[in-house]
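Engineer: how does the following fold in three dimensions:
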Amino acid sequence: MSKRIAGTCYFKADGESFNLRGSFTVSPDPYEREGVAGLDGVHGYTENQRVPYIEGEISDHADLSLKRIREMTDVTITAELANGKTYVLRNAWAASARDLNAGEGSMTLRFEGLECEEI
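Structural biologist: Predicted coordinates:
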């Protein structure tokens, strides 16, 4: 039996859909661990906080306002993936510059937030 693991997915900010292109990343983890090795073997690991994010390449169109996106703070971002998983990034803000690729009619949007959960 074959199962779909990738393909069609949806990217929304406070319920407003964006026209998602090919590149899309969900990074929900609130921390990362790094191993610590000494001369006598592995001592354990360190754990550091990190900012969860959802990032995707979207299509530009006449109704898309870069100013409105730039001003987005305290929004809820939803990522619905082809494999049936849904991630919600809460208390999010539009992060990084929005560089418009005029030749492709696309840009990458990155939203960072306080927490991202799989629902």
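Engineer: list the contacts of residue 95.
Structural biologist: Residues near residue 95 by C-beta atoms under 8 Å, 6 or more residues apart in numbering: 53, 110, 111, 112. Where you see a C-beta, it was placed from the backbone N, CA and C, and this is true even at glycine.
Engineer: need the residue closest to the centroid of this protein.
Structural biologist: residue 54 (0.8 Å; C-alpha atoms, centre = their mean).
Engineer: sheet partners, orientation included, of whatever helix or strand it lives in?
Structural biologist: In the assignment (DSSP states H and E), residue 54 maps to strand 53-59. If you go by DSSP bridges, strand 53-59 pairs up with strand 20-27 (antiparallel), strand 106-112 (antiparallel).
Engineer: one step back: if you rank the contacts of residue 95 by neighbours, which is first?
Structural biologist: residue 111 (24 neighbours; other C-beta atoms under 10 Å).
Engineer: ok now do residue 3, which residues does it touch?
Structural biologist: residue 83.
Engineer: revised request: answer the last question for residue 13.
Structural biologist: Residue 13 neighbours (C-beta under 8 Å, 6+ apart): 69, 72, 75, 76, 77, 92, 111.
Engineer: any idea of the pLDDT on the third one?
Structural biologist: Read that as residue 75. On pLDDT, residue 75 comes in at 96.
Engineer: so what's it bridging to?
Structural biologist: Beta-bridge partners recorded for residue 75 (DSSP bridges): residue 92.
Engineer: that one: how many residues sit nearby?
Structural biologist: Residues lying near residue 75 (other C-beta under 10 Å) number 19.
Engineer: which stretches in this structure count as strands?
Structural biologist: Along the chain, the segments classed as strands by DSSP state E run 10-13, 16-18, 20-27, 31-38, 41-49, 53-59, 75-80, 86-95, 100-101, 106-112, 115-118.
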